[in-house]
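K.L.:
got a sequence here, can you build the structure:
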Amino acid sequence: MRNSVQGGETAVTGETTREPDLFASAIRFRSRAERALIEALPSRYAIDDQRPRNNAFAEVERSRRKVATLATANPSKREAHRMDRMRDKVVVVTGAAHGIGAAIARRFADEGAALALLDLDATRLAQTADQLPGSPLLTLVSDVTEEAAVDDAFVQIVAAHKRIDVLVNNVGGSRNQKLWEMTADAWDFTIRLNLRSAFLCTRAAARLMMHRGSGAIVCMSSGAREGTPWTAHHAGGAAYSAAKAGIHGFICDAAIELAEHGIRINAVAPGPIETERTAKMFEELCETSDYSPHRLVPMRRIGQPREIADAVLYLASQEASYITGTTLSIAGAR
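P.N.:
From the prediction side, this is the model:
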């Protein structure tokens, strides 16, 4: 008996029967699964055929973010997951008053670190410090793009804590303009804020860490190091992309230079992250732009500051003891 397959049909001894159309079955199954998912959603999230799908996804995402924020802000949950990975460690965080920097400070405080927090915004820095769990805490109002200010800040940190175990270079930002409109001052401001600050603080910390033969440094790169469609299209971000690509090059070389001294240096590269400064912008892009990160990020959502803080903590911890010179992307597959 011989079987032959032609055009989706199987011929067996003259009798013809059609094989199941697996592709069509998969499509039907997918449709049923999607329908079940839609029906399971609360009515306010039901997807109306006449309603743009991105708006429905945006509402679901906003609800998910609220739940995630409540979970990560719950003190009892934080205490339950506390592992004291940073107990007896002195951790310096720059740009600690707002957003990702404040989340990093809280994450390290939850793990028992003795913190030194630096920022130019004295009011918000004090507010952030007041919200942290009880641990030895030093706050310094300092412009970390200025050499003398950085040296003075690190002298104060050593006077208070005697050493530095971890440095997190979180300071960053930009003055976005389209390339053909960008001024030299805007370019210099962005490079200075992101790269010069990382260099000055890393140099100061490394000099201290070398005496002890150990230390971990984490810098803040960005998904923008490879270009960001939503920023490039709407505002222009060449200077910021150059600065964050520079962070990657900086840590790659610094890792080789510092390895013999027992010091590791890495970077994290966040994708779009929701902070008090970015939340409204991302919502507006979701509703109005084809270049919205909700569309372009494969995971179809905006990241949370806690997700960046977790990655920074990992790279600073002994769990990453053989990792150096690496930029870790945290960008939902973007």
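K.L.:
where does the chain have low pLDDT?
P.N.:
1-82, 135-136, 230 (pLDDT under 70).
K.L.:
need the three-state assignment for Val218.
P.N.:
Here Val218 is strand, with the state taken from DSSP: H, G, I helix; E, B strand; the rest coil.
K.L.:
so what's it up against?
P.N.:
Val166, Leu167, Val168, Asn169, Ile265, Asn266, Ala267, Val268, Val312, Leu315, Ala316 (C-beta atoms under 8 Å, 6 or more residues apart in numbering). Any C-beta I mention is one placed from the backbone N, CA and C, and that applies to glycine too.
K.L.:
what pairs with the residue nearest the centre of the chain across the strands?
P.N.:
Centroid-nearest residue in the chain: Pro270, 3.1 Å away (criterion: C-alpha atoms, centre = their mean). Judged by DSSP bridges, the bridge partners of Pro270 are Ile330.
K.L.:
from what I see, it and Ala103 are in contact.
P.N.:
No. Using C-beta atoms under 8 Å, Pro270 makes no contact with Ala103, being 11.0 Å away.
K.L.:
now the common contact residues for the two.
P.N.:
Ile308.
K.L.:
now the helices for the stretch 151-300 of the chain?
P.N.:
Remark: helices assigned in the stretch 151-300 of the chain by DSSP state H, counting those that start in this stretch are 184-191, 197-212, 229-234, 238-259, 279-288, 293-296.
K.L.:
to Thr145, which of these lies closest?
P.N.:
helix 197-212 (5.0 Å; C-beta to C-beta).
K.L.:
can you tell me how far Asp84 sits from Ser317?
P.N.:
Distance of Asp84 to Ser317, given as C-beta to C-beta, to the nearest Å: 11 Å.
K.L.:
show me which of the two is the more surrounded one.
P.N.:
In this view Asp84 and Ser317 are compared by other C-beta atoms under 10 Å, and Ser317 has more residues nearby, 16 against 11.
K.L.:
what's that one sitting at in phi/psi?
P.N.:
phi -90, psi 170 (degrees, to the nearest 10).
K.L.:
neighbours around the nearest residue to it once chain neighbours are set aside, how many?
P.N.:
Leaving aside its sequence neighbours, Ser317 sits nearest to Arg85 (C-beta to C-beta, 6 or more residues apart in numbering; 5.0 Å). Number of residues near Arg85 (other C-beta under 10 Å) recorded here: 17.
K.L.:
which residues touch Arg85?
P.N.:
Arg85 neighbours (C-beta under 8 Å, 6+ apart): Glu111, Gly112, Leu313, Ser317, Gln318, Glu319.
K.L.:
from Ala259, how far out is the closest residue to His261 other than its chain neighbours?
P.N.:
Excluding the flanking residues, the one nearest His261 by C-beta to C-beta, 6+ apart is Met210, at 4.6 Å. Note on Met210: its distance to Ala259, by C-beta to C-beta, is 12 Å.
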